[in-house]
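Student: Sequence and predicted structure, then a few things I'm wondering about:
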Amino acid sequence: MLGLRFIRDNLELVNDAMARRGFAAPIGEIVRLDDERRRLLQEVESLKAKRNEASRQIAAMKDRSAAEALKAGMRRVGERIKALDVETAAVEEKLNARLLEVPNLPHASVPIGKDERENVVARTWGQPRKLDFEPLPHWEIGERLGIIDFERGVKMSGTRFYLLRGLGARLQRALIAWMLDLHVNEHGYQEIYPPFVVKEECLVGAAQLPKFRDNLYHDVEDDVWMVPTAEVPLTNLHRGEILDATALPRCYVAYTPCFRREKMSAGRDVRGIKRGHQFDKVEMYKFTRPQDSYHELEKLVDNAEEVCRRLEIAHRVVEVCTGDLGFSTTKTYDVEMWAPGCGEWLEVSSCSNCEEFQARRANTRYRPTPTARPEFVHTLNGSGLALPRTVIAVLENYQQADGSVLVPEVLRPYMGDVRVIR
RNA sequence: GGGGAGAUCGCAUAGUUGGUCUAGUGCGGCCGCCUGCUAAGCGGUUACAGGGGCCUUAAACCUCUGUCGAGGGUUCGAAUCCCUCUCUCCCCGCCA
């Protein structure tokens, strides 16, 4: 969420930013509602000051009849105040609803473009693997090896569900444990095991609500929501807190399953495990001082790339253009691994700076100096990495002519030294 | 699920016959003084948000309003009285 005063004072800049996103934000309505709100506040607050003064006088009065007269007058003032309070609340509610619909401002360095076709490749690591046989897509590898079972997943849970079996399940678990260890031991993150179910205010804090309601699983009985990403609980880890500046940046990493009920278009990513209603992810998250956030973003991307490098899988980093930028983010890098079987670059991580957009919603601040007023922190998030797609990349890059799959070196200690899945 | 207790300015607490509570005190924090250094001591200060004023802007400053878990009610006036909700703790039940 953008600050109301910021919008008021930087109208042109905000309108320009929305244009770069190609987003029709209700800025005009926000300004109009804010004018209305301030007009009401001025009136009601001066009436309240008057009432408080009168109450002080009544308390001090000896003359009862004069007091009664004053009270009678204040009764009318009280009614007017009540009416204005109701009106103000209605305007503020509307204003707040509009504010929640406004996306973040793209950073000046973000390439301008309409959609993902105009994203810019920043760098590529490694050569896309050339196999001396016809590479299979992972769904064929998985089914032949009996490690991915689509049919039974659908039987139990419906379309877009699958199950992993044997060394397939083990491979995913190994990746999770290895990635967590890497980020904790070498990149300075603290591991968090968060709840997988959260209250509505957490979704609002992470800016999943109100905009992405349709994509979320919601339990109506208890009015709780299943997390679509660990970013949600992590954003709310310090909800309402004022952090100590010396403790920043705070870097967290969490493994969670992710639940998304998006109605997926038929024919798009329907094959394999690339896109499902449930998937696992290791997520990195940072709370930083404003002046550090862009530097921390670069480190975040590098941490994600390090996973790819150690798996020795070719990948590239893409700068997401203004038109493709996520709702909450000012700047995003996607990390994509090459998957020779399906012949595409797979998005395995998306690393973003949200600046104070989420911090404002979740009310997470820090004190720059011991005496300074609290300011919003900047928050960043990045996958480190998304599991099913990393599994895809491993299966397709490490497949062999005989249909077996080599286990990447770094994962073997996590796989009981199994070298080959066959 | 049943029963009981509680929620106050970073922490700990005072405040419940409604009116100098513009919420007191202690600890902690900050500023200053003192002192070879440190500690102690002394004095001051110390919540958050919003509106208005001042100003080229911001900070600072002045002023007003709101916030004593949340929402609502009674009243000229609510931390204080009434209702609803949330959360925490304890006991019982159930449970991996």
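Tutor: Happy to help now that I have it.
Student: what does the stretch 301-422 of chain A have sitting close to RNA strand B?
Tutor: The stretch 301-422 of chain A comes close to RNA strand B at residues A:Arg365, A:Pro370, A:Thr371, A:Arg373, A:Pro374, as judged by C-beta under 7 Å from any atom of the strand. (Each C-beta comes from the backbone N, C-alpha and C, glycine too.)
Student: Just the buried ones among those residues, please.
Tutor: A:Arg365 (16 or more other C-beta atoms under 10 Å).
Student: In strands, which of the residues of the stretch 301-422 of chain A next to RNA strand B appear?
Tutor: Counting by DSSP state E, the part of those found in strands is A:Arg365.
Student: Looking at the residues of the stretch 301-422 of chain A next to RNA strand B, spot the one nearest A:Asp280.
Tutor: Checking those against A:Asp280 with C-beta to C-beta, the nearest one is A:Arg365 at 31.9 Å.
Student: quick revisit: output the residues of the stretch 301-422 of chain A next to RNA strand B as a markdown table; include the columns pLDDT.
Tutor: Shown next, in a markdown table, are those (pLDDT from 0 to 100):
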| residue | pLDDT |
| --- | --- |
| A:Arg365 | 88 |
| A:Pro370 | 76 |
| A:Thr371 | 76 |
| A:Arg373 | 81 |
| A:Pro374 | 85 |
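Student: contacting residues for the residue nearest to A:Thr229 when sequence neighbours are not counted?
Tutor: Leaving aside its sequence neighbours, A:Thr229 sits nearest to A:Cys258 (C-beta to C-beta, 6 or more residues apart in numbering; 5.0 Å). Neighbouring residues of A:Cys258 by C-beta atoms under 8 Å, 6 or more residues apart in numbering: A:Val227, A:Pro228, A:Thr229, A:Ala230, A:Gln278, A:Phe279, A:Asp280, A:Lys281.
Student: repeat that with 6 Å
Tutor: A:Pro228, A:Thr229, A:Phe279, A:Lys281 (C-beta atoms under 6 Å, 6 or more residues apart in numbering).
Student: ok, and the most crowded of the residues you listed?
Tutor: Within those, most neighbours by other C-beta atoms under 10 Å means A:Lys281, with 26 neighbours.
Student: What pairs with the one helix or strand that residue maps to, parallel or antiparallel?
Tutor: With secondary structure defined by DSSP states H and E, A:Lys281 is part of strand A:278-288. Neighbouring strands of strand A:278-288 in its sheet, by DSSP bridges, are strand A:250-259 (antiparallel), strand A:378-386 (antiparallel).
Student: circling back to that earlier point, partner residues bridging the residue nearest to A:Thr229?
Tutor: Assigned bridge partners for A:Cys258, using DSSP bridges, are A:Phe279.
Student: And the strands in the stretch 151-300 of chain A?
Tutor: Along the stretch 151-300 of chain A, counting by DSSP state E, counting those that start in this stretch, strands occupy A:163-164, A:190-192, A:197-199, A:218-219, A:224-226, A:242-244, A:250-259, A:278-288.
Student: what pairs with the second one, and is each one parallel or antiparallel?
Tutor: Applying DSSP bridges to the sheet, strand A:190-192 is found paired with strand A:250-259 (parallel).
Student: how far does the strand it pairs with sit from the chain's center?
Tutor: Centroid separation between strand A:250-259 and its chain, computed with C-alpha atoms, centre = their mean, to the nearest Å, is 11 Å.
Student: Same check on stretch A:339-351?
Tutor: Centroid separation for stretch A:339-351 versus its chain: 20 Å, with C-alpha atoms, centre = their mean.
Student: buried ones in that stretch?
Tutor: Per 16+ other C-beta under 10 Å, stretch A:339-351 contains these buried residues: A:Ala339, A:Pro340, A:Gly341, A:Cys342, A:Glu344, A:Trp345, A:Leu346, A:Glu347, A:Val348, A:Ser349, A:Ser350, A:Cys351.
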